[in-house]
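Undergrad: From the sequence below, what's the structure:
(one chain, ligands or ions: 2)
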Amino acid sequence: MLTLAIESSCDETAAAVLKGERRLLSNVISSQTDIHRAFGGVVPEIASRQHLERINAVVDSALAEAGARLCDIGLIGVTQGPGLVGALLIGLATAKAYAFALGRPIVGVHHIKAHICAAYIENPDLEPPFLALVVSGGHTNIVSVEAHGVFRSLGGTRDDAAGEAFDKVARALGLGYPGGPAIDRLAAEGDPGAVSFKRVFLEKDSLDFSFSGIKTSVLSYLNSERQAGREASAADTAAGFQQAVIDVIVAKTMLAAEAHGRKTVALAGGVAANSLLRREMGRGCAERGIRLCCPSPALCTDNAAMVAVAAYRRYAEAGGDSLDGIDAFPGLKLAEAQGGP
Ligand code: KG4
Ligand code: ZN
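TA: Numbers count the residues shown, from 1 in each chain. Ligands and ions are numbered 1, 2, ... in the order given. Presented below is the predicted three-dimensional model:
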């Protein structure tokens, strides 16, 4: 069975074809980053228009790369939320049109669950229960994947998402958008010990995060250096900031794994592409005998391959959605989607 999936929740227009449960045949991503960069972040209306202009060509490429024809497709999967409403609606309308025209079932999926499902693609034996760390531009969650379709959030951010902190600090350093990859690159040239930023752990044993404070600390450090007539080293600042954020993320993930007796951790979301996070999490897991599933960077940032896997699994468990019932939910919560998308 072939699944055709579409992802359009933010600024990547993506389509993928999956064979069976996790064999990826194609994964096409048309990124709008170059267009949004001029504005310092994603402009929702521009994102919707770009999705509309690109989506048909992206689907055609995904089918061609997979060597599949439309009539070979058995299931359509699409991201329902959370995300930008206009952007989501373009993917949904396209997916519905294919499902209707082909007479095939359609399944709406939760974007964060899809990020977690990316780990199945390169780890053929991965099955629940495991712990997932979801770190993206909009989300920071430690999720317990307890069984097929059962996702329980153990902790999340109380303010900014991890990726949001990277993007805001990058802007303060004049690195442009998106900030995460730029900080990752620049930090490699800096000394993480040169400027120390406070690690915010919140209450003892809390699995929640807070990243707004560190962003403020970086801004006030840059200001105080400027006022003192010194030029702060952007590379050292980036390295110090990155180290502080990653230290907290790794410590809390290890705490969660130990508290919940999990022996497998999967990384998910755009920030999971961060080289220091991958390295430090690798070390933390190795020290504790925990298996780490780290998807390739292209499967960490937004893509439709993860949507295809999530759609296939949900269809196998619960069947398809009705064309009338499926809609965009920009603020879809993980808990609301329990057993659902
Ligand atoms: O998962 P994603 O592509 O989109 C959302 O669902 O949000 O994540 C995008 C976020 C952005 O904040 C971006 O700066 C961050 O992931 N990101 C990174 C890296 N690559 C992308 N953050 C740190 N290091 C990276 N290498
Ligand atoms: Zn995402």
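Undergrad: Please count neighbours and contacts with C-alpha atoms only from this point.
TA: Will do.
Undergrad: Give me the phi and psi for Lys19.
TA: phi -100, psi 130 (degrees, to the nearest 10).
Undergrad: mind listing what it touches?
TA: By C-alpha atoms under 8 Å, 6 or more residues apart in numbering, Lys19 lies in contact with Met1, Leu2, Thr3, Leu25.
Undergrad: Tell me the one of those residues nearest Arg49?
TA: Distance to Arg49, by C-alpha to C-alpha, is smallest for Thr3 among the contacts of Lys19, at 25.5 Å.
Undergrad: Tell me the bridge partners for that closest one.
TA: Leu18, Leu75 (DSSP bridges).
Undergrad: same check, this time on Arg291
TA: For Arg291, the beta-bridge partners under DSSP bridges are Thr264.
Undergrad: Now do the contacts for it.
TA: Taking C-alpha under 8 Å, 6+ apart, one finds Lys263, Thr264, Val265, Cys285 in contact with Arg291.
Undergrad: okay, these in TSV with distance to ligand 1, neighbour count and pLDDT next?
TA: Compiled in TSV, the contacts of Arg291 are given as follows (distance: C-alpha to the nearest ligand atom, whole Å; neighbours: other C-alpha atoms under 10 Å; pLDDT from 0 to 100):
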residue	distance to ligand 1	neighbour count	pLDDT
Lys263	24	16	97
Thr264	21	19	98
Val265	17	28	98
Cys285	19	19	98
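Undergrad: coming back round to it: hmm, which of the contacts of Lys19 are the buried ones?
TA: When the contacts of Lys19 are checked for burial by 16 or more other C-alpha atoms under 10 Å, the buried set is Leu2, Thr3, Leu25.
Undergrad: If I follow the layout properly, the first one ends up in contact with Leu18?
TA: In other words, Leu2. Yes. The criterion here is C-alpha atoms under 8 Å, and Leu2 meets it with Leu18 at 5.6 Å.
Undergrad: And the helices in the stretch 151-300 of the chain, which stretches?
TA: 162-172, 179-187, 212-227, 234-259, 275-288, 297-300 (DSSP state H, counting those that start in this stretch).
Undergrad: Could you point out which of those sits nearest Gly83?
TA: So among these, helix 162-172 is nearest, using C-alpha to C-alpha, at 14.4 Å.
Undergrad: how about the residues of the stretch 101-250 of the chain near ligand 1?
TA: Ser136, Gly137, Gly138, Gly163, Glu164, Phe166, Asp167, Pro178, Gly179, Gly180, Pro181, Asp184 (C-alpha under 6 Å from any ligand atom).
Undergrad: Highest neighbour count among those?
TA: Ranked by the number of neighbours (other C-alpha atoms under 10 Å), those place Phe166 first, at 29 neighbours.
Undergrad: Look up the closest residue to that one, ignoring the ones flanking it.
TA: The shortest distance from Phe166 to any non-neighbouring residue, by C-alpha to C-alpha, 6 or more residues apart in numbering, is to Gly180 (5.1 Å).
Undergrad: Let me have the buried ones among the contacts of Lys19 in a markdown table, adding pLDDT as columns.
TA: Formatted as a markdown table, those follow (pLDDT from 0 to 100):
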| residue | pLDDT |
| --- | --- |
| Leu2 | 98 |
| Thr3 | 98 |
| Leu25 | 98 |
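Undergrad: which ones are touching the residue nearest the centre of the chain?
TA: Geometric centre of the chain, nearest residue: Gly269, 2.3 Å, by C-alpha atoms, centre = their mean. Listed by C-alpha under 8 Å, 6+ apart, the contact partners of Gly269 are Ile112, His115, Ile116, Val134, Val135, Ser136, Gly137, Cys300, Thr301, Asp302.
Undergrad: Which ones among the residues you listed map onto strands?
TA: Val134, Val135 (DSSP state E).
Undergrad: Between which two of the contacts of Gly269 is the distance greatest?
TA: Farthest pair in the contacts of Gly269, by C-alpha to C-alpha: Ile116 and Gly137, 14.7 Å.
Undergrad: Once you drop chain neighbours, what's closest to the closest residue to ligand 1 within the stretch 1-150 of the chain?
TA: Nearest residue of the stretch 1-150 of the chain to ligand 1 (C-alpha to the nearest ligand atom) works out as Gly137 at 3.2 Å. Nearest non-adjacent residue to Gly137, counting by C-alpha to C-alpha, 6+ apart: Gly163, 4.1 Å away.
Undergrad: wait, isn't the one you found in contact with Pro178?
TA: No. Counting by C-alpha under 8 Å, Gly163 stays clear of Pro178, with 9.1 Å between them.
Undergrad: my guess is Ala95 is in a helix, correct?
TA: Yes. Assessed by DSSP: H, G, I helix; E, B strand; the rest coil, Ala95 belongs to a helix.
Undergrad: tell me, how many neighbours does it end up with?
TA: 25.
Undergrad: ok now do it, which residues does it touch?
TA: Ala5, Ile6, Ile76, Gly77, Val78, Ile106.
Undergrad: Any regions of this protein where pLDDT drops low?
TA: Filtered on pLDDT under 70, the chain yields the residue ranges 335-341.
Undergrad: May I see the domains of the chain written out as residue ranges?
TA: 2-116+300-318, 128-297 (automatic domain parsing).
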